[in-house]
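1. only geometry, no sequence info:
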């Protein structure tokens with residue numbers, strides 16, 4: 001393998017038939033998406049662009065769920081919380097969803113408690129597919145994965161929210177488990193992805209939100 005062909009970038013394309021990578025339609029990221037959230041009920045739109053980093057997991061994560069990542073695997077979320085309470089909670093747990101995926105990568109299992117807590121349905125399938133791609137390839141990850149330009153909007157009943165954002169993986173690399181070799185590549189458009197995560201309230205009503213659908217636009221020019 002001569003480049004960082006990890007699920008966040010190139011491997012997403014390889015598994016596109018299984019995943020909800022349906023956003024390559026020329027959406028400029030600033031539209032109102034026809035005033036509807038894909039996969040959720042119609043609702044009001046609110047957004048907040050965010051300059052502040054937030055690398056730590058939300059403090060109110062469920063008891064017994066560990067989101068700890070190794071020191072060389074840094075997920076950075078350069079965004080502020082929106083004013084809307086539900087959207088803020090959904091944004092926190094969208095970040096936790098990604099932490100859960102990379103914890104699964106680090107622990108070499110798609111059945112880590114964090115994965116099943118922060119995702120459901122097609123979101124859970126997405127997370128497990130991504131983790132298994134890393135495991136099957138014999139890789140873990142190292143470096144910094146940055147998330148930014150986040151927007152949020154929610155349905156009228158407040159039970160679903162869309163969290164959309166860019167991801168920059170230009171300093172985030174695969175590392176071979178056996179050899180410890182870091183698979184570095186030159187920065188390119190392939191390092192930039194645009195995500196739309198549909199978050200839904202957990203049925204228990206305890207403030208937990210779960211990723212239920214994941215839409216990904218790879219090679220996203222708007223994220224450069």
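-> Received the coordinates, thanks. Remember, it's a predicted structure, so these values are computed and weren't measured experimentally. Residues are numbered from 1 along each chain as shown.

2. so is the residue sitting furthest away from the middle of the chain in a helix, a strand, or just coil?
-> Most distant from the centre of the chain: residue 179, at 27.7 Å, with distances by C-alpha atoms, centre = their mean. Three-state secondary structure (criterion: DSSP: H, G, I helix; E, B strand; the rest coil) places residue 179 in coil.

3. Give me the nearest residue to residue 221, chain neighbours excluded.
-> Setting aside the residues directly before and after it, residue 221 is nearest to residue 189 in space (C-beta to C-beta, 6 or more residues apart in numbering), at 6.7 Å. For the C-beta atoms, the positions are set from N, CA and C on the backbone; glycine is no exception.

4. Ends of stretch 174-192, what's the gap?
-> Separation of the first and last residues of stretch 174-192 by C-alpha to C-alpha, to the nearest Å is 16 Å.

5. tell me how far that stretch is from the chain's mean position?
-> Centroid separation for stretch 174-192 versus its chain: 19 Å, with C-alpha atoms, centre = their mean, to the nearest Å.

6. cool, stretch 184-194 as well?
-> Chain-centre distance of stretch 184-194: 16 Å, with C-alpha atoms, centre = their mean.

7. just stretch 92-100 next, same as before
-> How far stretch 92-100 lies from its chain's middle: 7 Å, per C-alpha atoms, centre = their mean.
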